[in-house]
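In: sharing a sequence plus its predicted fold:
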Amino acid sequence: MRVLEESIKGIGDILSQPELDPDRTLPSDENSEGGKGFQQIAKIKSVLDGIKSAYHFYKPLSMIIDSGKKEKESYSDERMNLEFYARFNEIFEELEGFNKPYEDIRNYLTKKPYSQEKIKLNFECGTLLSGWDENKIEANQNVLLMKDDQYYLGILNKKTKKLFSDPGKY
């Protein structure tokens, strides 16, 4: 546990900053360290993984079992060292409570940065490319075509979206 406490203190400077460095460039080779933001994330992830590993290491020692109820029941074994497990269960419950924050922090750190350069193309069709059903060609304004064992995606405009429903008209 002291190792975990020391590693948490080791990332205190990162956690005290209002924001992580935006340079999350991956290492280009094994000699490269990557961008500063990537290094910060790697340090935080290392500490989080250490806490998660401690949880999995100590879990077999836990004398608390999940009975399927919201409350947890303890073993009532006469051989159980009550002093040890009283303290152990306090610490283990803290580790156990770390699961949800671990998931949240990991998801936040690995989230791709938002880009203003993204453009949503839907060609005024909310269901564009929502499937390949022959009966939905007109609604989804798309068709999958095949020629010489090659597949082609066709996106239909408002004027030609009825091309496949009434082929004699065109």
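Out: Perfect, I can see it now.
In: so in this structure, which helix runs the longest?
Out: Assignment by DSSP state H gives helix 36-58 as the longest helix of the chain.
In: pLDDT score for the residue nearest the centre of the chain?
Out: Closest residue to the average C-alpha location of the chain: Asn107 at 4.3 Å, with CA atoms, centre = their mean. The model reports Asn107 with a pLDDT of 86.
In: again, but for Asp148
Out: 93.
In: what about it, neighbour count?
Out: Neighbour count of Asp148, defined by other CB atoms under 10 Å: 4. Backbone N, C-alpha and C define where each C-beta goes, glycine included.
In: part of a helix, is the residue nearest to the centre of the chain?
Out: Yes. Remark: Asn107 belongs to a helix, assigned using DSSP: H, G, I helix; E, B strand; the rest coil.
In: next one: it from Leu26, what distance?
Out: Asn107 is 19 Å from Leu26, where distance means CB to CB, to the nearest Å.
In: if we can go back for a sec, list the buried residues of the longest helix of the chain.
Out: Going by neighbour count (16 or more other CB atoms under 10 Å), the buried part of helix 36-58 is Gly37, Phe38, Gln39, Gln40, Ile41, Lys43, Ile44, Val47, Leu48, Ile51, Ala54, Tyr55.
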